[in-house]
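S.K.: Sequence below, structure please.
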Amino acid sequence: MLLGLDNLDMIQWQSVTGQDSPLKYISTLKKIQDAGKVLHLHLTNKNDIEPVMKELSSQGLYIRTSASDEEEAEEIIKNVEKWTHE
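M.R.: Numbers count the residues shown, from 1 in each chain. Sure, this is the predicted structure:
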């Protein structure tokens, strides 16, 4: 399985509009982290950020999303800092 590859450091989970939220696969995402892999998530729905941050370890977690303007981006960053743990 991919998680057993020593030279594989990161898994990128790419979501696109119309696909299920990564939250549907939270147990798989936890397995990726438990295997010591860095996890890079592309979250198309900003409402997924909080539950992802609360369910997953913040260590080795990279989140890519978008904001409609600078004010919204700053709010997202502020919230992520608040939800960060470990």
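
S.K.: Any figure for the gap between residue 36 and residue 7?
M.R.: In this structure, residue 36 and residue 7 are 12 Å apart, going by CB to CB, to the nearest Å. All C-beta spots, glycine's among them, are computed from the backbone N, C-alpha and C.

S.K.: Comparing these two, which residue is more hemmed in?
M.R.: Set residue 36 next to residue 7 and count neighbours by other CB atoms under 10 Å: residue 36 wins out with 10 against 4.

S.K.: On the secondary structure side, give me the element for the more buried one.
M.R.: Here residue 36, judged by DSSP states H and E, is contained in no helix and no strand.

S.K.: remind me which residues of this protein are low pLDDT?
M.R.: Counting by pLDDT under 70, the chain contains no low-confidence range.

S.K.: hey, where'd the helices end up in it?
M.R.: 26-34, 49-55, 70-83 (DSSP state H).

S.K.: who touches the most centrally placed residue in the chain in this structure?
M.R.: Taking CA atoms, centre = their mean, the centroid of the chain lies closest to residue 41, which sits 3.9 Å from it. Residue 41 is in contact with 13, 15, 22, 29, 52, 61, 62, 63, 64, counting by CB atoms under 8 Å, 6 or more residues apart in numbering.

S.K.: Now for the fifth one: which residues touch it?
M.R.: By CB under 8 Å, 6+ apart, the contact set of residue 52 is 22, 23, 26, 29, 41, 43, 61, 63.

S.K.: Which entries within the residues you listed meet the buried criterion?
M.R.: By the neighbour-count criterion of 16 or more other CB atoms under 10 Å, the contacts of residue 52 include these buried positions: 22, 29, 41, 43, 61, 63.

S.K.: Now tabulate those residues in JSON lines and tack on distance to residue 72.
M.R.: As requested, those are arranged in JSON lines below (distance: CB to CB, whole Å):
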{"residue": "22", "distance to residue 72": "20"}
{"residue": "29", "distance to residue 72": "25"}
{"residue": "41", "distance to residue 72": "18"}
{"residue": "43", "distance to residue 72": "14"}
{"residue": "61", "distance to residue 72": "21"}
{"residue": "63", "distance to residue 72": "15"}
